[in-house]
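Colleague: structure, please.
(chains A, B and C)
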Amino acid sequence: MPLTENIGEATISSLAYIGGLARLTGESARAVFIEPFRGRKLRLSRAIHQAMIVGVEALPIVSLISFFVGTILALQGAYELRRLGALGLVATAVAVSMTRELGPLMTAIVVIGRSGSSFAAEIGTMKVNEEIDALETMAIEPVHFLVAPKFLAMILMMPCLTTWADFMGVLGGGLFGVTSAGFTWASYMRATLDALVLRDIYTGLIKSVMFGLVITAVGCLEGFSTGLGSEEVGASTTSAVVKSIFLVIIVDLVFTALFYFTAPH
Amino acid sequence: MIADSLTSSEATATFAGPAIIVRSLRVNYGDREILHGIDFEVQAGETLVILGGSGSGKSTLLRALIGLEQPKSGEIWIRGKNFAAMTEDERDDLRKKMGMSFQSGALFGSMSVGDNVALPLREHTRLDDSTIEIVVRLKLDQVGLSGFETYVPAQLSGGMKKRAAIARAMAMDPEILFFDEPSAGLDPIIAAGIDDLILKLKKAFRMTIVVVTHELASAFLIADRMILLDKGTIVANDTPQELRQSQQPRVRQFLDRVPEPELSEEMDYLQMLTGEIPPRRR
Amino acid sequence: METSTRQSGNATIVDVTGDITLYNTPRLRKVILDLLKEDRSPRVVVNLQRVNYIDSAGVASLVEGLKISRDLKSGFALYGLSRTVREVLELTRLTRVFELYDTEEEALRGASSSPASAH
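Modeller: Below is the predicted model of the structure:
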């Protein structure tokens, strides 16, 4: 097959996939924002249940990872800054990199591993067991029932987790700052607060919400496209993780570029 | 006096006329046609049993009737409405009046048995939780699963799952109840209990019941009318008495449990084994 | 479904007209529970003569009424069951749980020693 044809086919299937993600997101948005006004129940308790799993239960691992990433950032930053005699800037380096980039990204990676994969597995298993069919025959729209609460939970929990990850990262950087760069905890925190502007925080949080949307849409879409047979569930799960990581990086790139070019000079 | 505010889903007036009408129904899986033009009617309050061997298309027919398979052509009318021409809301209203018991049970694995049965009531009605709890216990009692509300499906045997699924299908007291192989894989006493339940539901609630099965004893016990499907076409549509006396070869073969005739010629067999002729399409 | 209540001696009669279904039974439930809990009616009698159909949710509401009446040591009885309503109660094995009567007089007296027989 000629190369152009291959590229064309790949482009079309990628666009179709993105269309699928958009449809799922749109249908869920309808369930959350429009259906309640048509007398349908908004399944808040299901969303809260999801939020516990997606958010609260992820706290320990998010804390640990972002703390270490903060320390690593400080070590890597200090390596260069020391040569310039600017070791004092290590707090700034950690604070800005964490809030703008690594806080949201590390959180997304953890959430993909924990929740994106489990969304695909949950929905895939339900598909294989005819549970999705059962929902339909009960006049319960599967996307509204299963996916919408997950979106809602993600949109709420991703910024929270990310904020927490930012804070833990700063603490991790502080560990280096206090032990090896002549800071006290108080002066390190003050340096961090001085370094950060509001824009650093909210660009990070906007990213985290976008990541949450991507992770939910991909996880659920992979679940729904599970074929027959329980071995297919494993394939969907793997595919959900790989595609989510890829798409999160793409979205990260797009938004980082967007924020860069729209930044006030 | 408190007057009723009737919404469309609240209207309970039973529909006059056939509960289900199927006209020239054809259903495909991919390129393969499974049902080759099926016609029949189910009267309200009637129990129809769809018989057929494996691969006869009976499960596909059932899935088409509940709207899980899109027909390639033909029409399915339920309570006087064409399934294909319905709006989303009309279809939902209709589905609230239908219950389906899947062969595998299709219970929600993440919920307890009680929550499974309660789900349609919680989703579609404004019943108080205490009322729903009682309905759930009533339904579980009817299928012999009293006291299993808090169990999750994984803790149940296959037969118990199937019975819990029947309880869930009955939760809304549907007008039309569909069963896919209700007694397959159950021990004979439990299976007899399910047959008995189907008869009682028909009597007490005037339900229209469609059962897909290959269990002959159960079929003859519960059916008002029987359809025998073979390779995607209807070979018989009779009362149980008529079917029993039928002299049609396919009917006799099914009822007398005669195995499929073997390939007649040794050469055919050889050719089939070596792939020179494709295996017969069933 | 419509409900209305009237007093007869110390008993309150709830006249129900129409089908009792899972969509309207919460109102019947409220009427019955209010009579028992709020008004402290010593005996609640539900007239089902003009009820042609009752579903499981309706039955469940009546069961709740019976339960509350037992808790409060008040009386709770049903009368005038149509054949279909009786069949539903039989299916749910409740004919011997409820106090069932054929006529209003018997239900009010609560005296008829044997539960009502089918008509």
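Colleague: on the pLDDT front, check residue 29 for me.
Modeller: No chain in the question, so chain A it is. The score at A:Ala29 is 86. That number is its pLDDT.
Colleague: ah, no, chain C please
Modeller: 95.
Colleague: residue 45 sits in which helix or strand?
Modeller: Looking at chain A here, since you left the chain open. Per DSSP states H and E, A:Ser45 falls inside helix A:44-54.
Colleague: that answer is for a different chain, and I need it for chain C
Modeller: When elements are assigned from DSSP H and E, C:Val45 belongs to strand C:43-50.
Colleague: any idea of the mean pLDDT in that strand?
Modeller: In this model, strand C:43-50 has a mean pLDDT of 94.
Colleague: residues near residue 44, how many?
Modeller: In the absence of a named chain, chain A is used. 12 (other Cβ atoms under 10 Å in any protein chain shown). C-betas here are computed from N, CA, C, even on glycine.
Colleague: please go with chain C instead
Modeller: Look at C:Val44: counted by other Cβ under 10 Å, it has 25 neighbours.
Colleague: do I have it right that it meets C:Phe76?
Modeller: Yes - taking Cβ atoms under 8 Å as the contact criterion, C:Val44 and C:Phe76 are neighbours in contact, 5.3 Å apart.
Colleague: residues shared between the contacts of the two?
Modeller: With contacts defined as Cβ atoms under 8 Å, 6 or more residues apart in numbering or on different chains, the residues adjacent to both C:Val44 and C:Phe76 are C:36, C:65, C:69.
Colleague: can you redo these as TSV with neighbour count?
Modeller: Putting these into TSV (neighbours: other Cβ atoms under 10 Å in any protein chain shown) gives the following:
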residue	neighbour count
C:Leu36	25
C:Gly65	23
C:Ser69	23
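Colleague: could you look up the SS state of A:Gly85?
Modeller: Per DSSP: H, G, I helix; E, B strand; the rest coil, the local secondary structure of A:Gly85 is coil.
Colleague: which pLDDT does the model give it?
Modeller: Value listed for A:Gly85 in the pLDDT field: 87.
Colleague: over to it: give its phi and psi.
Modeller: phi 70, psi 30 (degrees, to the nearest 10).
Colleague: which residues does A:Met106 contact?
Modeller: Counting by Cβ under 8 Å, 6+ apart, the residues that A:Met106 touches are A:62, A:65-66, A:69, A:165, A:169.
Colleague: so, low pLDDT: which residues of chain C?
Modeller: Low-confidence segments of chain C, defined by pLDDT under 70: C:111-119.
Colleague: which helices and strands does the strand holding C:Val45 pack with?
Modeller: The contact analysis (3 or more Cβ pairs under 8 Å, 6 or more residues apart in numbering or on different chains; DSSP states H and E) places strand C:43-50 against strand C:11-17, helix C:56-71, strand C:75-79, helix C:104-109.
Colleague: ok so, going back, buried ones in the helix holding A:Ser45?
Modeller: In terms of neighbour count (16 or more other Cβ atoms under 10 Å in any protein chain shown), helix A:44-54 has its buried residues at A:46-47, A:50-51, A:54.
Colleague: run the chain-centre distance for that helix.
Modeller: Centre-to-centre, helix A:44-54 and its host chain are 16 Å apart (Cα atoms, centre = their mean, to the nearest Å).
Colleague: what residues does it touch?
Modeller: So helix A:44-54 is contacted by A:111, A:114-115, A:118, A:145, A:148-150, A:152-154, A:156-157 (Cβ under 8 Å, 6+ apart).
Colleague: circling back: can you list the strands that the strand holding C:Val45 pairs with?
Modeller: Looking at strand C:43-50 with DSSP bridges, its paired strands and their directions are strand C:11-17 (parallel), strand C:75-79 (parallel).
Colleague: can you name the next helix or strand after the longest one?
Modeller: In other words, strand C:11-17. For strand C:11-17, the succeeding helix or strand toward the C-terminus, using DSSP H and E, is helix C:25-33.
Colleague: for B:Glu90, give me its contacts.
Modeller: Shown in contact with B:Glu90 (Cβ under 8 Å, 6+ apart): B:Lys81.
Colleague: now do the one helix or strand it maps to, average pLDDT.
Modeller: Element membership for B:Glu90 (DSSP H and E) is helix B:88-96. For helix B:88-96, mean pLDDT is 90.
Colleague: what's the neighbour count on residue 10?
Modeller: Let's take chain A. Each residue near A:Ala10 was counted by other Cβ under 10 Å, and the total is 10.
Colleague: that's the wrong chain, I wanted chain C
Modeller: Neighbour count for C:Asn10, taken as other Cβ under 10 Å: 11.
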